[in-house]
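Engineer: Next comes the sequence, and after it the predicted model I'd like to discuss.
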Amino acid sequence: MAGLSFDLIALQLFAGLALGAIYVLFAIGLSLIFGMLTVVNFAHGAFYMVGAYVGLYLISLGGNFWLCLVAVPLLIGLFGLAVERVLIRPLYGRGIDYPLLLTFGLSYVMVECVRIAFGKTGYPFDTPEILQGAVNIGVGYFPLYRLFVIGATAAVLLALWLFLEKTSFGLIIRAGARDPQIVRVLGVDVSRVWLIVFGIGTAIAGFAGLLAAPLQGVIPEMGGTILAEAFVVTVVGGMGSIGGAVLAGLLVGVVVGMTSLFAPEMAKVSIFALMAVVLIVRPQGFFGRAGLLS
Amino acid sequence: MTKVTKAGWMSRRRLLTAASAGAVLAASPFRINLLQAQEAPIKIGFPVPLTGPYGAEAQDQVRAGQLAVAQFNDSGGLNGRKAELVVRDDKLNPGEAATRTLELVEKEKVNFVVGSLSAAVQLAINNVTKERGIIFNSISQSDAINEAADFSKYTFHEALNPHMTSGAVGRYAFSKFGKKVAFLTADYAYGHEMVRGFLEVGKQFNIENLGDIRHPLGTSDFSTLLPRLQALKPDILCISNFGRDQQIVLKQATDFGVKKSIQIIAPLLSHASRVAAGAQAFEGVVGGCSFYWGIEDKFASTKAFNDAFRKMYDGKLPTDYGALGYGGVRTVLQAVKAAGSVETDKVVSAMEALKYDYYKGPQYYRKCDHQSVQSILVIRSKSKDMKNDSDVFEVLASDDSDEKNLRTCEALGHKS
């Protein structure tokens, strides 16, 4: 195929970054929960899917997309709190595979419940009116809605960073991740900290699901495909590192974008090849702490 | 019969269907006949992918298949002997399909098999049935099933095949929208066979092939493929995929503004996918189909089929793949009646002799490969002036039921 212009390469790079932003948004929730709680949340994709369905339901009740941007993370976050309190908490201190298996099973239950409630076939999810269409970004046309997703991802990252780095509660969370024993000795209720971290992580997953809905519609299995990619992102970035997840998410997006340009049939394999290379050179990922899994 | 499927609500639904069917049966006058007829029912195995990305279409296949069985039974069956549909979920997986089919043949002792919804999976079913000498009527697209290597005298193909479909759509599109064509293709048998068909018919129109980008089955983001395709500046973008892939790619192509300067065509536009993805995503896309309920003002058989389907399913209208389920089951049962027996060889001869018009105008099975010779519709998805939920396409053209639209028997490797 001919016609490799500078504009095309630039546009492809940008498309890769935009795709990377979606990976980042999905993976930071996963990374946050793992980094703080060492819980490998296999139900993350299911929370993402439920977020999309809650958005769909709220809109069918007469709500609008902007309202959903606030309501969906709140509702999914509350749901996450309940899951942590009832299901995850009894498993702390029992080894990493207990919560892993629990969340794996939970994801099946959630998908099945949504199938019962909404049916097995998907639903359309319209892009909000004012974000429809494509705009010229200098090197070509790009969908306005995808630009909005990049912006929303940046906003979430900024809020999360401010919360963790600049508030006293954020300080406790970071301290709790380093050494829960000492934090407990200092009189902090660590289980409450973990509860809130899990809630925030799932809220971001629900938010990501809502943002993904106008890109691909809504279907019970939508969380399954992205979960594999998100694990690649967290592993490459370093399990538990939020900064690593951001860098790795964007990198994975760009790698997919560039392989799509030169060898589209390799695009899906390329991210796993990237993961393999990173694991050989740096087994703990970009910014991962060694020994977190042991 | 009430096998528990993976999806909970499906088995509950099936239970309800079975229970209500039982209730209807108990209340109907045919009960007496049934009690008198001591013979076992005629069983038709029906493996389709109820779970997975083609689930919506598969459910329609079952609904319409049940209608064909109900009509057969209401008209007295085979001298009072009733028919029964034995549905199994093949999960869109060739291995699963082969196992289920074997189970249908060995344990359920089915007399015939009708079903499948995948170019690849139907070949797995066919392998089992041809070995056991059981008639299999496939109701999904495939070119390979017509070819001598996969064909057997027990193999019938009620659905269109990719050669016919891409031929009809290609002839319409290449004469109207331009000669520069780019392809985006699902990387498996269905996609490959469609592209081969488009390139074949494209020769007559001197089309220029700008390139073919392949994507894996089950892709959820096409954003990195679309700029590349747009940069090729084609007149036509031909997207050969199905089910969920088709829903997502058309949605994202719309977002990228592809439709502004490029006409999108697809070999098949699935009714169920169009409903699931919404009007906006499919708007203006031109493609093919084997059946659309809207041709009821043209064919009395379509009207009769629509009315019977509406009556059985609370006013719902049948879809393309539903119609195939109906046609696939009804032709077998009609042949049973004509043969006066369920004996395989007699039914094969009766099916070969059928000249039928059950839902879309005249059809018959060609002798050499048992491909159903039939009309092909070219349709466009609409987003305005819709009269009801099912009013989603407009019919642009139609290829008549004619053997010239098929590959020749010799080309398929059959002795003429």
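Structural biologist: Yep, it's here. Numbering: from 1, shown residues only, chains lettered A, B, ... in the order given.
Engineer: mind checking pLDDT for the closest residue to chain A within the stretch 201-350 of chain B?
Structural biologist: In the stretch 201-350 of chain B, no residue comes nearer to chain A than residue B:278, which is 2.9 Å away by C-beta to the nearest C-beta. All C-beta atoms are positioned from the backbone trio N, CA, C, and that covers glycine. For residue B:278, the model assigns a pLDDT of 88.
Engineer: How about the secondary structure of the nearest residue to residue A:207 once chain neighbours are set aside?
Structural biologist: Computed as C-beta to C-beta, 6 or more residues apart in numbering or on different chains, the closest residue to residue A:207 that is not its neighbour in sequence is residue A:73, at 4.4 Å. Under DSSP: H, G, I helix; E, B strand; the rest coil, residue A:73 falls in the helix class.
Engineer: Residue A:73: neighbouring residues, count only.
Structural biologist: Using other C-beta atoms under 10 Å in any protein chain shown, residue A:73 has 25 neighbouring residues.
Engineer: neighbours around the residue of the stretch 201-350 of chain B closest to chain A, how many?
Structural biologist: By other C-beta under 10 Å, neighbour count at residue B:278 equals 20.
Engineer: Quick check: residue B:98 touching residue B:122?
Structural biologist: No - judged on C-beta atoms under 8 Å, residue B:98 makes no contact with residue B:122 at a distance of 11.0 Å.
Engineer: Which one of the two is surrounded by more residues?
Structural biologist: Between residue B:98 and residue B:122, counted using other C-beta under 10 Å, the more crowded position is residue B:122 (29 against 19).
Engineer: which SSE is the more buried one in?
Structural biologist: In the assignment (DSSP states H and E), residue B:122 maps to helix B:121-132.
Engineer: after that helix, next one along is what?
Structural biologist: strand B:135-138.
Engineer: any idea of the mean pLDDT for that following strand?
Structural biologist: In this model, strand B:135-138 has an average pLDDT of 97.
Engineer: Quick check: residue B:264 is in a strand.
Structural biologist: Yes - counting by three-state DSSP, residue B:264 falls inside a strand.
Engineer: picking up where we left off before, quick one: buried residues of the helix holding residue B:122?
Structural biologist: Using 16 or more other C-beta atoms under 10 Å in any protein chain shown as the test for burial, helix B:121-132 gives B:121, B:122, B:123, B:124, B:125, B:126, B:127, B:128, B:129, B:130.
Engineer: Stretch B:379-397 now?
Structural biologist: Of the residues in stretch B:379-397, those buried (16+ other C-beta under 10 Å) are B:379, B:380, B:381, B:382, B:390, B:392, B:393, B:397.
Engineer: for stretch A:171-180, same thing?
Structural biologist: For stretch A:171-180, by 16+ other C-beta under 10 Å, it's A:172, A:173, A:175, A:176, A:177, A:180.
Engineer: Could I get those in CSV, plus columns for distance to chain B?
Structural biologist: Output for these, formatted as CSV (distance: C-beta to the nearest C-beta, whole Å):
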residue, distance to chain B
A:172, 38
A:173, 32
A:175, 38
A:176, 35
A:177, 32
A:180, 37
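Engineer: from the residues you listed, which single one is nearest residue B:112?
Structural biologist: Nearest to residue B:112, judged by C-beta to C-beta, of the buried residues of stretch A:171-180 is residue A:177 at 63.3 Å.
Engineer: per-residue confidence for that closest one?
Structural biologist: pLDDT, read off for residue A:177, is 78.
Engineer: Tell me the helices and strands packed up against the helix or strand containing it.
Structural biologist: For residue A:177, the host element (DSSP H and E) is helix A:168-178. When contacts are defined as 3 or more C-beta pairs under 8 Å, 6 or more residues apart in numbering or on different chains; DSSP states H and E, helix A:168-178 packs onto helix A:6-37, helix A:144-166, helix A:180-185, helix A:190-216.
Engineer: one more time with 6 Å, if that's ok
Structural biologist: For helix A:168-178, the packing partners by 3 or more C-beta pairs under 6 Å, 6 or more residues apart in numbering or on different chains; DSSP states H and E come out as helix A:190-216.
Engineer: what residues go with each domain of chain B?
Structural biologist: B:8-160+B:298-373, B:163-289+B:376-405 (automatic domain parsing).
Engineer: Comparing those domains by mean pLDDT, which bottoms out?
Structural biologist: domain B:8-160+B:298-373 (a mean of 88).
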